[in-house]
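> predicted structure and sequence below. I'll ask about it afterward.
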Amino acid sequence: MEGKNQSQYQSPPSDSYPPNDQESLHTMEDEEAKRKKRMKWTIGIVAFVIFQVVQALFFVLVIMKFKSPKFRVAEFNVQSLTVGTQASPSFDMSFVAPIRIKNTNWGPFKYDASTMNFTYGGVQVGQAIIPKSKANFKSTKKINVNVTLSSANLPSDSNLGSDLSSGVINLNSQGELRGKVTVMFMFKKKKTSQMNCTMAINTMTKAVQSLSCQ
């Protein structure tokens, strides 16, 4: 009888747990799984917020940063040029001026018709018409305008005689474009594009010796 009782009350195997310990183990595993899930959600939310902030900063600092387009005269070939002498200085010139309007904004630049003046020594010697149009976003608008210049309106005390003797005629061109830049079809801002170029025309070769724009 004594041996029988001992066999009935043998201790459980060393690798098993009492019911209470098993429940505690399951509870710990569930809590760990929940913690990992919460961590994933937290990381996802933080990443989403950071992404939204970066997008907002990019939109404000880049997309919504309106800049004045650049308005320039590019290199050109002189079609005709006749000049007088040092004693009787004069010149008549014609060429096709390639106009470049560079728009670096994230929206089109619509501008009104304007004029471009050519001067010698501060006196106007010619003019060109810039028609109304637009420069698309992140692009350069290219147009060609016919230009005819004449020294007929220059005063008699101008420096044209000495310039002709040196073989170089120095000219300036100024212009202004007024318009609006539109971003995302609803954000608009008025912008003005200025042009101020200097050019030196070689009377011997009848070519542009130098051209610089600000």
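Nice, I can see it. In this text the structure is predicted, and so the values were computed from the model without any measurement. Residues are numbered from 1 along each chain as shown.

> for the closest residue to Asn146 other than its chain neighbours, grab the count of nearby residues.
Excluding the flanking residues, the one nearest Asn146 by C-beta to C-beta, 6 or more residues apart in numbering is Val96, at 5.9 Å. Glycine gets a C-beta too; all of them are placed from N, C-alpha and C. The number of residues packed near Val96 is 14, by other C-beta atoms under 10 Å.

> Provide a list of residues in contact with the residue nearest to Asn77 when sequence neighbours are not counted.
For Asn77, ignoring the flanking residues on the chain, the nearest one in space by C-beta to C-beta, 6+ apart is Phe95 at 6.6 Å. Residues near Phe95 by C-beta atoms under 8 Å, 6 or more residues apart in numbering: 76-80, 147.

> partners of the helix or strand harbouring Phe95 in the sheet?
For Phe95, the host element (DSSP states H and E) is strand 91-103. Sheet pairing of strand 91-103 (DSSP bridges) gives strand 70-73 (antiparallel), strand 78-83 (antiparallel), strand 139-150 (antiparallel).

> coming back round to it: who does the residue nearest to Asn77 bridge with?
Where Phe95 sits in a bridge, its partners, by DSSP bridges, are Val78, Val147.

> roughly how far does it sit from Leu149?
8 Å (C-beta to C-beta, to the nearest Å).

> do the same with Ile143
Distance of Ile143 to Leu149, given as C-beta to C-beta: 19 Å.
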